[in-house]
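[1] could you look at this predicted model? Sequence included:
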Amino acid sequence: MKTVKRILVALAVTCTLAMNANTERVITSKEGEVTITEDRQMVQLSVLNTQESNYTLVIYAPNGQQMYEGELGSANSIGQQFDFTNSVNGTYTFVLTSDAGAVNTYKIKTGFRF
């Protein structure tokens, strides 16, 4: 009986550790200039802006509705964080546009997980 209890406790600890393991996902552009990190419904966007272009970001919800539009600026290093803890679970589209006309689209799976 003690052995069964020990096995059950070990299994419970293992499951708890597995559920709390690092769930971070990283997306990097081919050029290495854009990095998007998703961890626990927090999405962090960073741009290495060597051309000092002005960037605009538009985010679309899974249903296609625009949910954010804003300028990120033209600094050498641009960063912004977005909180999706109160958003529906799904794939969000991030469209990053530079004033030079470059358009990059990224698909991010995030949102509240039931």
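    Now that the structure is in, tell me what you want to look at.

[2] where exactly do the strands run in this structure?
    With DSSP state E, the ranges of strands along the chain come out as 25-28, 34-39, 42-48, 55-60, 66-73, 77-83, 90-98, 103-110.

[3] now the ones you listed in TSV, with mean pLDDT and mean neighbour count?
    Quick note: C-beta positions are derived from backbone N, CA and C, even for glycine. Converted to TSV, those look like this (pLDDT from 0 to 100; neighbours: other Cβ atoms under 10 Å):
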stretch	mean pLDDT	mean neighbour count
strand 25-28	63	13
strand 34-39	87	17
strand 42-48	90	18
strand 55-60	94	18
strand 66-73	92	14
strand 77-83	90	14
strand 90-98	92	17
strand 103-110	90	15
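
[4] ok, and what's touching stretch 99-114?
    For stretch 99-114, the external contacting residues (Cβ atoms under 8 Å, 6 or more residues apart in numbering) are 25, 27, 29, 34, 36, 38, 41, 43, 51, 53-55, 62, 74, 84-97.

[5] try it again at 7 Å.
    Residues outside stretch 99-114 that contact it (Cβ atoms under 7 Å, 6 or more residues apart in numbering) are 27, 29, 34, 36, 38, 41, 43, 51, 53-54, 84-97.
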